[in-house]
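Peer 1: sequence-free structure coming up:
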């Protein structure tokens with residue numbers, strides 16, 4: 001199964017993202033910073049079906065025009081189960097974006113079970129809180145990580161991808177890597193895309209973690225699409 005994960009930064013790069021996804025023709029796509037208003041467009045253009053979870057109201061495209069912003073999973077195969085497990089906030093309270101208030105943003109793991117000839121694939125997608133300085137870990141991140149780990153412990157198996165907002169080699173990313181396999185090849189030293197407002201940064205902050213039920217191969221990071229690089233991988237089902 002071919003999977004792509006990408007933080008698309010709302011609608012800012014659709015002229016690049018959609019042609020890339022069409023050309024790559026993945027089986028499953030996990031998107032972060034995905035606007036609900038674009039969900040049906042992606043389904044139509046890519047010939048896929050999916051699930052969406054809105055986490056925040058953000059006027060990132062036009063001041064005053066608040067749009068639902070969150071996570072999406074799209075698949076060429078039918079989904080038999082979809083759910084969102086929150087590790088911060090609540091699904092019935094969606095707040096407006098405020099750069100100064102991290103607690104305005106709900107945090108969840110959006111999951112989908114996708115039947116495949118090799119067996120069921122359990123795909124999970126998340127977007128973790130950021131630090132104002134990329135290589136500094138905050139107490140809020142530490143507290144939120146404990147809740148995320150608790151959610152993951154209740155999931156028997158999964159492929160977890162998403163924007164972690166925490167560099168590999170530091171506490172948050174490495175806590176996850178201590179429990180689950182980090183599948184981003186070591187030769188990659190950054191997953192920050194060329195359109196990032198802070199410019200080139202030496203941080204791998206986008207993750208692709210698996211339990212022993214999966215084998216991941218042919219992983220590559222692709223730049224020139226958004227403020228993050230796309231994670232592209234081939235995933236097979238194995239018996240641990």
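Peer 2: Yes, it's here. Given the structure is predicted, the values throughout are model-derived calculations rather than measurements.
Peer 1: Every contact and neighbour count from this point should use C-alpha atoms.
Peer 2: Fine.
Peer 1: show me the residues around the residue nearest the centre of the chain that make contact.
Peer 2: Central residue of the chain (C-alpha atoms, centre = their mean): residue 162, 2.3 Å from the mean position. By C-alpha atoms under 8 Å, 6 or more residues apart in numbering, the contact set of residue 162 is 5-7, 30-32, 125-128, 206-208.
Peer 1: And the strands in the chain, which stretches?
Peer 2: 2-7, 28-35, 49-58, 67-75, 81-88, 107-114, 121-127, 159-163, 181-182, 206-210, 214-222, 230-237 (DSSP state E).
Peer 1: could those be laid out in CSV, adding distance to residue 190 and mean pLDDT?
Peer 2: Supplementary listing: the strands of the chain in CSV, determined by distance: least, C-alpha to C-alpha, whole Å; pLDDT from 0 to 100:
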stretch, distance to residue 190, mean pLDDT
strand 2-7, 14, 98
strand 28-35, 18, 98
strand 49-58, 26, 96
strand 67-75, 22, 97
strand 81-88, 26, 96
strand 107-114, 23, 97
strand 121-127, 17, 98
strand 159-163, 12, 98
strand 181-182, 14, 98
strand 206-210, 9, 98
strand 214-222, 9, 98
strand 230-237, 11, 98
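Peer 1: closest to residue 101 out of these?
Peer 2: strand 49-58 (12.1 Å; C-alpha to C-alpha).
Peer 1: my guess is residue 8 contacts residue 34, does it?
Peer 2: Yes - in this structure, residue 8 is within contact of residue 34 by C-alpha atoms under 8 Å, at 6.5 Å.
Peer 1: what sits against the residue lying farthest from the centre of the chain?
Peer 2: If you look at how far each residue of the chain sits from its centre, by C-alpha atoms, centre = their mean, the farthest one is residue 64, at 26.0 Å. Applying C-alpha under 8 Å, 6+ apart to residue 64 gives no contacts.
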